[in-house]
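Peer 1: Please find the sequence and the predicted model below.
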Amino acid sequence: AVLAAAIHGCGPSTKVRRLTQEAPAATLRLAKEETAAPEVKLSSPHRDTLKVEDIDGKEVFIMKAYRDEEGEMVANDVLDAAVVTARFRNVAERHGKVDLEFQVVVPESMQDGAWQLRFYPDMYILEDSVRLDPVVITGREYRRAQLKGYQQYERFLASIVSDTTKFINIGLLEIFLRRNIPQIYAFKTDSTEVSDEEFASVYGVTEREAVDHYTNKFARSRNDRRVARMDRMYRKYVKVPIITEGLRLDTVLQAVNGDFVYNYVQTINTRPKLKKVDIVLSGDIWESDRRIYTVPRSAPLTFYISSLSSFVDPTEKYLTRVVGRRVEANTACYVEFAAGRSDVDLSRGNNAAEIGRIRGNLAQLLRNETFDLDSIVVTADCSPEGAWSANERLSQRRSEGVSSYFRSWMRRYADSLAFDRGLQMDMEGNLTSGEPLPDIRFISHANPENWPRLDVLIQEDTLLSAQDKASYRRIRETADPDTRERALQREGYYRYLRESVYPYLRTVRFDFHLHRKGMVKDTLHTTELDSTYMRGVQAIRDRDYETAVTLLRPYRDYNTAVAYCLMDYNASAMEILRDLPRTAQVNYMLAILFARRGDDRMAVQHYLHSCSQEPSYVHRGNLDPEISALIKRYGLHERDEENTLY
C-alpha cells in the first residue's frame, strides 16, 4: 500500500499540480555565434600580431590581446562562453536576407513521457507579426498512444467490406437457377453481354431484383453503418493526429535527461526601413487531447539588423543636356478634293474631322508657353492617276488652297486669342493690348505623285497577291512616271489600287517650325536629374540589388561599388574603390572587401583609417561580421584612449 501510494504520488496529476504551482517556462536565448551563421573565410594563415599603418603612415603593431586584472593588455587565446545571456544581437544582412538564430530551451521540469509540448515562436517585424513554424516535443507514451489510435482506426477500416458482391449468396442463387430455370443458368458460361431488359424477358424479373433477393441485407446494412461512422470513429480513436507538415521540429523524447535545447534558424528577406526583429516564444502542454498547461510568453529576443545598403550615397546626380533653339514637328491629314479642284470643302468625306484635328494642333501651338511658331510648310501630294504635269499643277494649287484656308483661320483665331488676353497696364500706367501674336508664314510645296508612299502601301497590303506585288515591282522600275502609270492601268489589280489605295496618297503634310521663347543662342546647355542613376540608388535602398547593379554598372562610381559589394561581386567593387579618394566610407568598404579576401592586415588598416575619419564607425564595425571578426580577433577597441589608433 505504501508503494502504491508512492507511485500514485508521482503520477500525472501530481506533475500537473507542480506545473501550476511552479509555473515553469521555456526560454529563448541566443545561440553561440559559431553555430549556423556564415563564417569569414581566411585564405591567409592566422596571425596573433599584425603590422599596420595608421592614418599618418606610422607603423603600429596589433596583437590578439585582453586586459588583465591590473589593466594591462596581454596576449591570450579567446575562450568562448558556454552560455550567452544577452537578449539582443547584431546581425548582418547579406544578399537581401538575414539569418536569425536562437535556441529554444525547455527545462527538465516541463518534460514528461505522457505529454506533448507545443511551442510557437512569434516574429515581430516592423508593424507585422508572423507565427513561425512550431517546435513540437512529444513524449514516448504520448506518441505510443497516438500510434495505438491509428492502429485501432486501421482495424476498424479493415472491417469495412469494399466489395459489395460479397454480400450476395452466390451458391443459393446458382442452385435456384439450375433447378428452376436451366436455360437461364446457361448464361453462367456465356460471355455475351446481356442487357437488363433481356435478362428480365427470360427471368421474369430484373437483374437487380434477383441480386437483391439473394443478398444478405443484414450484413450489407451493418457494413453501410460502418461506412457512415468512419469520421466519428476517426475522431474516437485518433484523438490527436500526428501532424507532419508546417512544423520546424517534431521529435520524440526518448528519456527525460536535463534541459532540451533546439537551435532554431529563421531566414527572412529584408525590406526597407527594417532595423530590428523581435522573437517571442509561447506554447502549451497537452496530455492526450487535453491542454493541461499554458506556457508563459518568454521575454523577447531582439535582433538588430545592419546592411551595407546604408552606405549608399544619396547625393543627386545630374546630366548636362544640350537644348536647341529651333524645334520641328509635323503631322499629316487626308483631305478629299473634288476632281481637278483645289478648294477645301468641309462637306466632303471625312474632311470636317481631319480639318478640325489640324485646327486643334495649330491652336495648341499658338497657346504654347514654351515655343513660338515661325512658319508652316504645307506639302500636298497627289496619286499617280493622270499625267505628271497635270498632277504637279494640281498639287501646287491644292497646297496653296490649304495654306490659304488655314492662314485665314489662324488670323481669326489670333484675333480672338488676343481679345481673350484683354488689356494690360505698362509701367507708366498706360493701357495696352496684350502681346500680339507673330505673323506666321505659310510655305506651299507640291509633290506631284507620291510613289514612295505607294511602294509602302502595296508592300503592307494584305489583299494583293504575291504575284500582283511582283508585277507592281517590275512596273515600278519604269523610269517615266506616265509610262509607269499606263502600264499599271493594264493590270487586273489597277481598279483596286485606284479605288482603295490611291485615296491614301492624296495627303497634305504640315511641317511646323518653332523656336524657344526668349532664347537667342542656337543651343543652350542645361542640367537635369539623372533619373536612371537615382533609380539605381533607390534600388539599393529597397534591397533590390540585382536591379541596382544593372542600373549603376555604366557609372562605375562609389554607389556602383556598394551595389557590387552587396551582391558579393568583390573583385569588381575593389577595382572601383581603389581608384576613389580615401574617404571614411571608401576606407570602410575596402576593409570589408579585404576581410572577405582574407587579408587581415589591409582590412584592419583600412578599418582603423575609417574610424579615424568617422568615429561612429567604431560602433558600426560590430554590426558587420567581416569587421566584427577582426575586432574580436585583435581586440581593436580594448586599448586605452591615449593609445588608440583612431
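Peer 2: Looks like it came in fine.

Peer 1: check contacts around residue 532.
Peer 2: residue 551 (Cβ atoms under 8 Å, 6 or more residues apart in numbering). Heads up, the C-betas are built off the backbone N, CA and C, glycines and all.

Peer 1: Tell me which residue is most central in this protein.
Peer 2: The centre of the chain sits closest to residue 544, judged by Cα atoms, centre = their mean, with a distance of 9.0 Å.

Peer 1: Which residue, other than its chain neighbours, is closest to it?
Peer 2: residue 96 (7.9 Å; Cβ to Cβ, 6 or more residues apart in numbering).

Peer 1: wait, what's in contact with that neighbour?
Peer 2: Residue 96 neighbours (Cβ under 8 Å, 6+ apart): 269, 270, 543, 544, 545.

Peer 1: Next: residue 266.
Peer 2: Residue 266 neighbours (Cβ under 8 Å, 6+ apart): 99, 100, 101, 121, 123, 132, 279.

Peer 1: Show me how to select, in PyMOL, the buried members of the residues you listed.
Peer 2: Here is the PyMOL selection string for the buried members of those, based on 16 or more other Cβ atoms under 10 Å:
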select buried, resi 99+100+101+121+123+132+279
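
Peer 1: Dump the contacts of residue 266 into TSV; add distance to residue 613 and secondary structure as well.
Peer 2: TSV is the format used below for the contacts of residue 266 (distance: Cβ to Cβ, whole Å; DSSP: H, G, I helix; E, B strand; the rest coil):
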residue	distance to residue 613	secondary structure
99	31	strand
100	32	strand
101	33	strand
121	41	strand
123	37	strand
132	41	coil
279	36	strand
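
Peer 1: and the two most separated of the contacts of residue 266?
Peer 2: Greatest spacing in the contacts of residue 266, by Cβ to Cβ: 99 and 121 (14.5 Å).

Peer 1: in the chain, which helix has the most residues?
Peer 2: The longest helix of the chain (DSSP state H) is helix 388-421.

Peer 1: Which residues in it does the neighbour count mark as buried?
Peer 2: For helix 388-421, the neighbour count (16+ other Cβ under 10 Å) marks 388, 391, 393-406, 409-410, 413-414 as buried.

Peer 1: and what of stretch 553-570?
Peer 2: Buried, per 16+ other Cβ under 10 Å, within stretch 553-570: 555, 558, 559, 560, 561, 562, 563, 564, 565, 566, 567, 569.

Peer 1: residues near residue 575, how many?
Peer 2: Counted by other Cβ atoms under 10 Å, the residues lying close to residue 575 total 13.

Peer 1: Do a quick rundown of the strands in the stretch 301-450 of the chain.
Peer 2: Here the stretch 301-450 of the chain has its strands, by DSSP state E, counting those that start in this stretch, at 301-307, 318-324, 326-334, 371-381, 423-425, 431-433, 441-447.

Peer 1: Show me where the stretch 201-350 of the chain dips below the pLDDT cut-off.
Peer 2: Residue ranges of the stretch 201-350 of the chain with pLDDT under 70: 201-214, 253-257, 320-330, 339.

Peer 1: Sketch out the helices for it, chain order is fine.
Peer 2: 207-213, 217-228, 230-237 (DSSP state H, counting those that start in this stretch).

Peer 1: In CSV, list the C-alpha atoms belonging to the second one.
Peer 2: The C-alpha atoms that make up helix 217-228 are tabulated as CSV, following Å, rounded to 0.1, in the frame of the first residue of the first chain:
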residue,chain,number,x,y,z
LYS,A,217,-29.3,-7.5,-46.3
PHE,A,218,-28.4,-7.5,-42.6
ALA,A,219,-24.7,-7.8,-43.4
ARG,A,220,-24.9,-5.1,-46.0
SER,A,221,-26.8,-2.8,-43.7
ARG,A,222,-24.2,-3.3,-41.0
ASN,A,223,-21.4,-2.5,-43.4
ASP,A,224,-23.2,0.7,-44.6
ARG,A,225,-23.5,1.8,-41.0
ARG,A,226,-19.7,1.3,-40.5
VAL,A,227,-19.1,3.4,-43.6
ALA,A,228,-21.3,6.2,-42.2
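
Peer 1: Now stretch 103-120: average pLDDT?
Peer 2: For stretch 103-120, the mean pLDDT works out to 90.

Peer 1: which of the residues in that stretch are buried?
Peer 2: Neighbour-count burial for stretch 103-120, counted by 16+ other Cβ under 10 Å, picks out 103-106, 110-120.

Peer 1: Kindly report the same for stretch 149-164.
Peer 2: Buried-residue list, stretch 149-164, by 16+ other Cβ under 10 Å: 149, 153, 156, 161.

Peer 1: Tell me which residues touch residue 541, please.
Peer 2: Applying Cβ under 8 Å, 6+ apart to residue 541 gives the contacts 272, 309, 312.

Peer 1: For it, give its distance to residue 374.
Peer 2: Applying Cβ to Cβ, to the nearest Å, the value for residue 541 to residue 374 is 46 Å.

Peer 1: With residue 121 instead?
Peer 2: 73 Å.

Peer 1: Likewise for residue 127?
Peer 2: Per Cβ to Cβ, residue 127 is found 59 Å from residue 374.

Peer 1: next one: residue 621
Peer 2: For residue 621, the distance to residue 374 - Cβ to Cβ - is 65 Å.

Peer 1: So if I had to pick from these two, which one is more boxed in?
Peer 2: Per other Cβ under 10 Å, whichever of residue 621 and residue 374 has more neighbours is residue 621, with 23 against 14.

Peer 1: Assess the claim that that one and residue 629 are in contact.
Peer 2: No: using Cβ atoms under 8 Å, residue 621 makes no contact with residue 629, being 9.9 Å away.

Peer 1: Count residues in the vicinity of residue 13, would you?
Peer 2: Using other Cβ under 10 Å, residue 13 is surrounded by 11 other residues.

Peer 1: what helix or strand is it on?
Peer 2: Element membership of residue 13, judged by DSSP states H and E, is helix 12-22.

Peer 1: show me where the stretch 1-150 of the chain has strands.
Peer 2: So, for the stretch 1-150 of the chain - with DSSP E, counting those that start in this stretch - the strands run 27-30, 49-53, 59-63, 65-67, 73-75, 88-93, 97-106, 116-125, 128-131, 135-139.

Peer 1: TSV for those, including distance to residue 245?
Peer 2: Shown next, in TSV, are the strands of the stretch 1-150 of the chain (distance: least, Cβ to Cβ, whole Å):
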stretch	distance to residue 245
strand 27-30	24
strand 49-53	52
strand 59-63	52
strand 65-67	49
strand 73-75	53
strand 88-93	28
strand 97-106	20
strand 116-125	15
strand 128-131	15
strand 135-139	12
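
Peer 1: Just say which of those strands is most tucked in.
Peer 2: Mean neighbour count (mean count of other Cβ atoms under 10 Å) peaks for strand 135-139 among the strands of the stretch 1-150 of the chain, with a mean of 22.

Peer 1: what's stretch 151-158 in contact with?
Peer 2: Contacts of stretch 151-158 (Cβ under 8 Å, 6+ apart): 226, 230, 233, 234, 237, 238.

Peer 1: out of those, who has the most neighbours?
Peer 2: Highest neighbour count within these, by other Cβ under 10 Å: residue 238, with 18 neighbours.

Peer 1: Residue 245 versus the residue lying closest to it once chain neighbours are set aside, what's the distance?
Peer 2: The shortest distance from residue 238 to any non-neighbouring residue, by Cβ to Cβ, 6+ apart, is to residue 149 (4.5 Å). To residue 245, residue 149 is 19 Å away according to Cβ to Cβ.
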